[in-house]
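# For reference, the sequence and a predicted model appear below.
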Amino acid sequence: MGKGLWWQDLYTTFCNNPCSQTTHWVGTVHRLADNIRMPWTALAEAEIDRAVIFAPDPFVIYCRSAPTRGWVFVRPNNDPELHNDLLWVNHLTLERDRQLMDRFADRPAYVMVWDRDCRVVYLPLDQLQPGTIPDAKLPHFEDLDR
């Protein structure tokens, strides 16, 4: 213990240090949660409902919470009968995405992308030209037609 009163050392050890660490931890968790919520926040702002959303892999890019990374890696799952208001599917290529939309002609389709400014944008599939957004980088993707 230092030259001060014994209780001052106890206060510093058991209150001051944990409190400062807790403040840092809470800030990190807040930034992480904000980053994870970005796809849903952008969806609400775009007022998209009853649609098919083609999502990228990874689903969340941790650009606001770096260097901390979260635990959300893939898009939300759909119910087995595909009755969700929003149907989340993997983006493969614009051609493949359009082929899937033949089965869901009653819904609009959007491709979710992360722009360079760490924002989520939902682009209407029917307005996208080939080469506008990158194809998915999946191993053995070319084998899917076999």
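Good, I have the coordinates. The model shown is predicted, which means the values in this text are computed figures rather than measured ones.
# what's the weakest-modelled helix or strand in the chain?
helix 6-11 (a mean of 56; mean pLDDT, DSSP states H and E).
# which element follows that one toward the C-terminus?
Toward the C-terminal end, the helix or strand that comes next after helix 6-11 (DSSP states H and E) is helix 17-46.
# buried ones in that following helix?
32, 35-36, 38-39, 42-43 (16 or more other CB atoms under 10 Å). (Each C-beta comes from the backbone N, C-alpha and C, glycine too.)
# which one of these is nearest Ala55?
Nearest to Ala55 among the buried residues of helix 17-46: Pro39, at 7.8 Å, using CB to CB.
# What's the per-residue pLDDT of the spatially most central residue of the chain here?
By CA atoms, centre = their mean, the chain has its centre lying nearest to Val60, at 2.7 Å. pLDDT, Val60: 86.
# Out of the buried residues of helix 17-46, flag the one nearest to Pro134.
In terms of CB to CB, no member of those lies closer to Pro134 than Pro39, at 17.8 Å.
# I'm done for today, thanks for sticking with me.
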